[in-house]
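> dropping a prediction and its sequence here:
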Amino acid sequence: MDPLRQPVRRHSLVRRLVFASCRHAARWLGGRAWYRSRYLGPGRWELREERLPVPGLPRALHGFRILHLSDMHAGPFLGAGDLKAIAQWIAGQMPDLLVLTGDYITHAWDDVLAIAPDLGALVPPRGGFAVFGNHDYRGHQEARIAAALREQNITCLENKSVRLGELPLWVTGISDLEESPPEAATPCRPELEAGEFELVLCHHPLGAPALVRPGCVAVLAGHTHGRQIDLPGLRALGPSHPGLRVNLGPTTLYVNRGLGVVGVPVRVGVPAEVVCLELVPASPSDSRPTSRMSRPRGPT
Ligand SMILES: [Fe+2]
Ligand SMILES: [Fe+2]
């Protein structure tokens with residue numbers, strides 16, 4: 001078996017019926033409006049600023065900032081305009097690159113159309129890149145999701161790498177490790193030359209150890225929602241969460257807790273978040289990654 005591949009999770013019929021009942025009830029009771037006001041408004045969502053010192057980082061990449069969004073889950077609890085407050089804030093930050101790590105939808109592919117314009121408004125001049133999450137393969141309509149994102153100048157990387165023009169930085173996108181077609185499971189990654197670096201987008205964080213190599217500065221993932229409901233007995237309902245930042249030697253794994261939800265429009269102990277990763281040159285006195293969390297209150 002490919003070391004990257006992860007076991008496909010399938011829930012029992014009883015669990016699916018219970019989840020569907022909760023979802024329909026929450027939707028009927030106004031769950032989308034509740035989620036928007038409670039978790040996506042000013043002062044509610046979290047900005048996580050990650051600073052990553054990289055040995056030998058070329059001057060052209062000093063201070064390079066990557067805006068990372070994940071797990072929007074457009075559908076019952078997130079739709080058109082719900083990311084507006086966040087998008088307005090981000091518009092003032094001028095990152096160098098936008099990356100998206102999957103789960104744009106929960107059930108229906110065309111729900112992505114409701115959030116695509118908000119995502120497109122965030123694409124900086126260096127571009128926007130995306131990978132699929134497990135939910136994006138629902139109904140085998142991922143090509144339509146890719147087309148919707150492409151209209152917003154966001155490129156889906158399905159086991160592909162692209163170099164950012166003259167910059168010595170490659171962006172590699174890994175197709176989802178659970179639900180992508182098995183024949184697409186071999187990622188194509190470049191041989192890195194001296195002075196070149198790589199950033200990997202991979203929805204499923206548990207694939208990160210198999211992606212580590214010299215020059216690969218970071219794997220950016222999502223999928224876990226940070227457990228979404230971080231309470232004893234409930235946190236195990238979702239995918240395994242390895243932590244927000246995991247040191248894997250030459251590569252650091254960053255797990256984004258996402259902007260949306262599945263099942264119920266509730267997060268407990270886990271804010272919706274946006275991650276901004278900044279690459280800085282490592283020095284003897286500055287070689288450890290650091291992070292800072294804040295709750296932006298409005299557009300800058
Ligand atoms: Fe997700
Ligand atoms: Fe996922």
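In hand now; what should we look at? Numbering: from 1, shown residues only. Ligands and ions are numbered 1, 2, ... in the order given.
> when you work out contacts or count neighbours from here on, use the C-alpha atoms and nothing else.
Noted.
> what does the chain have sitting close to ligand 1?
When proximity is defined by CA under 5 Å from the ion, the chain lies next to ligand 1 at D71, H223.
> helices of the chain, start to end?
Counting by DSSP state H, the chain has these helices, from start to end: 13-28, 31-39, 84-91, 112-120, 142-150.
> so of those, which one's packed in deepest?
Mean neighbour count, computed with mean count of other CA atoms under 10 Å, is highest for helix 112-120 among the helices of the chain, reaching a mean of 20.
> between it and helix 142-150, how big is the angle?
On the basis of axes from the mean of the first three to the mean of the last three CA atoms, to 10 degrees, helix 112-120 is oriented at 40 degrees to helix 142-150.
> pull the distance from helix 112-120 to the chain's centre.
15 Å (CA atoms, centre = their mean, to the nearest Å).
> alpha carbons of that helix, as PDB, please.
Provided in PDB are the C-alpha atoms of helix 112-120 (Å, rounded to 0.1, in the frame of the first residue of the first chain):
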ATOM      1  CA  VAL A 112     -18.800  25.800  -3.700                       C
ATOM      2  CA  LEU A 113     -20.400  28.300  -6.000                       C
ATOM      3  CA  ALA A 114     -21.700  30.300  -3.000                       C
ATOM      4  CA  ILE A 115     -18.200  30.800  -1.500                       C
ATOM      5  CA  ALA A 116     -16.000  30.800  -4.600                       C
ATOM      6  CA  PRO A 117     -16.300  34.600  -5.100                       C
ATOM      7  CA  ASP A 118     -15.200  35.300  -1.500                       C
ATOM      8  CA  LEU A 119     -12.200  33.000  -2.000                       C
ATOM      9  CA  GLY A 120     -11.400  34.600  -5.300                       C
END
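> what mean pLDDT does it get?
When pLDDT is averaged along helix 112-120, the result is 95.
> likewise for stretch 260-271?
For stretch 260-271, mean pLDDT is 94.
> for the helices of the chain, which has the smallest mean pLDDT value?
Mean pLDDT is lowest for helix 13-28 out of the helices of the chain, coming in at a mean of 82.
> tilt between that helix and helix 31-39?
Using the same axes, to 10 degrees: helix 13-28 against helix 31-39 is 80 degrees.
> what sits against S283?
S283 makes contacts with P53, P55, as judged by CA atoms under 8 Å, 6 or more residues apart in numbering.
> show me what contacts G31?
G31 is in contact with P76, F77, V264, P265, counting by CA under 8 Å, 6+ apart.
> in TSV: the helices of the chain, plus distance to G249.
Shown next, in TSV, are the helices of the chain (distance: least, CA to CA, whole Å):
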stretch	distance to G249
helix 13-28	39
helix 31-39	34
helix 84-91	31
helix 112-120	32
helix 142-150	33
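> in CSV, list those helices along with distance to ligand 2.
Formatted as CSV, the helices of the chain follow (distance: least, CA to the ion, whole Å):
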stretch, distance to ligand 2
helix 13-28, 16
helix 31-39, 19
helix 84-91, 21
helix 112-120, 15
helix 142-150, 14
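> tell me which of these sits nearest to F64.
Proximity to F64 (CA to CA) singles out helix 84-91 among the helices of the chain, at 15.7 Å.
> relative to helix 31-39, how tilted is the closest one?
40 degrees.
> packing partners for helix 84-91?
With contacts defined as 3 or more CA pairs under 8 Å, 6 or more residues apart in numbering; DSSP states H and E, helix 84-91 has these neighbours: helix 112-120.
> what about 6 Å?
Helices and strands touching helix 84-91, as assessed by 3 or more CA pairs under 6 Å, 6 or more residues apart in numbering; DSSP states H and E, are absent.
> dump that helix to PDB, restricted to CA.
Provided in PDB are the C-alpha atoms of helix 84-91 (Å, rounded to 0.1, in the frame of the first residue of the first chain):
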ATOM      1  CA  LYS A  84     -17.500  38.300   4.100                       C
ATOM      2  CA  ALA A  85     -16.200  39.600   7.500                       C
ATOM      3  CA  ILE A  86     -13.100  37.400   7.300                       C
ATOM      4  CA  ALA A  87     -12.500  38.200   3.600                       C
ATOM      5  CA  GLN A  88     -12.700  41.900   4.300                       C
ATOM      6  CA  TRP A  89     -10.100  41.600   7.000                       C
ATOM      7  CA  ILE A  90      -7.800  39.500   4.900                       C
ATOM      8  CA  ALA A  91      -8.000  41.900   2.000                       C
END
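> near ligand 2, which residues of the chain show up?
Counting by CA under 5 Å from the ion, the chain sits next to ligand 2 at N134, H223.
> where are the low-confidence patches of the chain?
Applying pLDDT under 70 to the chain picks out residues 1, 184-185, 298-300.
> show me the strands in the stretch 101-250 of the chain, by range?
Per DSSP state E, counting those that start in this stretch, the stretch 101-250 of the chain carries strands over the ranges 128-130, 154-156, 160-163, 169-174, 197-202, 216-221, 245-248.
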